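any chance you could fold what I've pasted below:
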Amino acid sequence: MKAKGDQRAGQPTQRAGLLYGIGAYGMWGLVPLYWPLLEPAGAMEILAHRMVWSLAFVAIGLLVLRRWGWIPELIRQPRKLGLIAVAAATISLNWGFYIWSVNTGHVVEASLGYFINPLVTIAMGVLLLKERLRPAQWTAVFIALAAVLVLAIGYGQPPWISLVLAFSFATYGLVKKKINLGGLESLAAETAVLFLPAFGYLVWLGASGSATFGSEGTGQMALLAATGVVTALPLVCFGAAAIRVPLSTLGLLQYLAPVFQFVLGITYFHEAMPPERWAGFSLVWLALAILTWDALRNARRTRAEALRLTAEAREAEASAEAEAEAAAVEATAPAQAGAPVPVTEEKTAGR
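Here you go, the predicted structure:
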């Protein structure tokens, strides 16, 4: 009864987490619609505004939540500060390249980068962390390599946009894992590192007369300033989802973003999909299907093993309690045997 009650109580929490996750990945998937609105600003100017306004928005959020205690501790750790600088550099490369790819008509190729990102992450785990892969994971990696080869033949060159986006984001994830900071805190630290270069670049653009901020009307100024919200809001939703739903669910939801980007690239931006591109994408989707199936199967096995160990531990505990009770009974038996037997009236009469 208690387990059922806990399960029912957890259902609204998981439902809310699922909605937060769909919201986060949905916003990331629809963001290609936003970057063209910022033109004629170039990718570098948009990126600089994104860094500056993201820090402003996140700082307000941390101020409201009163989450500043991590800053003094972070300042006392030079190694972690160095990792944050590396994370900031890789995410700026990823953001800048993504904005450029969207605004130059490469939305589909950009979506491929986020499709293959889980596979690149696995490959980096093998090469850098010496992780051991299961057979299904090896199969998925080899299929992904075949997909890159097919796309390279179709393009006449490797799909550089996809590879840069996938490797930069995978590197960012690897570094973030070592930093071990919350989403808002990490974004605040990374944008703080990049604030001065980004702000300096915007000042230089303004001084040279090349800035679009202020010269294209208040609407464009508002859109550039809103890049902070566009950056931070999905991250807040993701953080809310991460504490409410299982990791396996988040792993499935992550494919929403590239799916939305892919669909937008074909239907809204009308990008070409020749047969060789369909072939390459199909191989990537096959690799992801194998990877997802293997992850779900392994999660079920792990869960079943945990339940089995819990059941065995409970049985062992019950057996130990039973043995302790039996030992207590045996210990009291000799004392009872040595006690004087009361003389009954019948025995006395017989005498």
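
show me the shaky parts of this structure.
Judged by pLDDT under 70, the chain has its weakly predicted residues at 1-11, 247-248, 331-351.

longest helix of it?
In terms of residue count, the longest helix belonging to the chain (DSSP state H) is helix 275-337.

distance of residue 243 from residue 63?
22 Å (CB to CB, to the nearest Å). No exception for glycine: its C-beta is placed from N, CA and C like everyone else's.

then residue 252?
35 Å.

what does residue 146 give?
With distances taken as CB to CB, residue 146 is found 50 Å from residue 63.

which one of the two is surrounded by more residues?
Applying other CB atoms under 10 Å to residue 146 and residue 63 shows that residue 146 carries more neighbours, namely 16 against 10.

need the contact list for the closest residue in space to the more buried one that isn't next to it in sequence.
Spatial nearest neighbour of residue 146, chain neighbours left out: residue 283 (5.7 Å); criterion: CB to CB, 6 or more residues apart in numbering. Taking CB atoms under 8 Å, 6 or more residues apart in numbering as the contact definition, residue 283 lies against 143, 144, 146, 147, 150.

got the contact list for the first one?
Meaning residue 143. 283, 284, 286, 287, 290.

name the nearest of those residues relative to residue 195.
Closest approach to residue 195 among these (CB to CB): residue 284, at 36.4 Å.

please identify the helix or strand for the closest residue to that closest one other than its chain neighbours.
Nearest in space to residue 284, with sequence neighbours left out and distances taken as CB to CB, 6+ apart, is residue 147 at 4.6 Å. Using DSSP states H and E, residue 147 sits in helix 135-155.

can I get the CA coordinates of that helix in CSV?
As requested, the backbone C-alpha atoms of helix 135-155 are provided in CSV (Å, rounded to 0.1, in the frame of the first residue of the first chain):
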residue,chain,number,x,y,z
PRO,A,135,28.8,-4.9,-28.5
ALA,A,136,25.7,-2.9,-29.4
GLN,A,137,27.5,0.4,-28.7
TRP,A,138,30.4,-0.6,-30.9
THR,A,139,27.9,-1.5,-33.7
ALA,A,140,26.2,2.0,-33.4
VAL,A,141,29.6,3.7,-33.5
PHE,A,142,30.7,1.8,-36.7
ILE,A,143,27.3,2.5,-38.4
ALA,A,144,27.8,6.2,-37.5
LEU,A,145,31.2,6.2,-39.1
ALA,A,146,29.7,4.6,-42.2
ALA,A,147,27.1,7.4,-42.2
VAL,A,148,29.8,10.1,-42.1
LEU,A,149,31.5,8.3,-45.0
VAL,A,150,28.3,8.2,-47.1
LEU,A,151,27.7,11.9,-46.4
ALA,A,152,31.2,12.8,-47.2
ILE,A,153,30.9,11.1,-50.6
GLY,A,154,27.6,12.8,-51.2
TYR,A,155,28.9,16.3,-50.2
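
that one versus helix 275-337: what angle between them?
Between the axis of helix 135-155 and that of helix 275-337 there is an angle of 170 degrees, by axes from the mean of the first three to the mean of the last three CA atoms, to 10 degrees.
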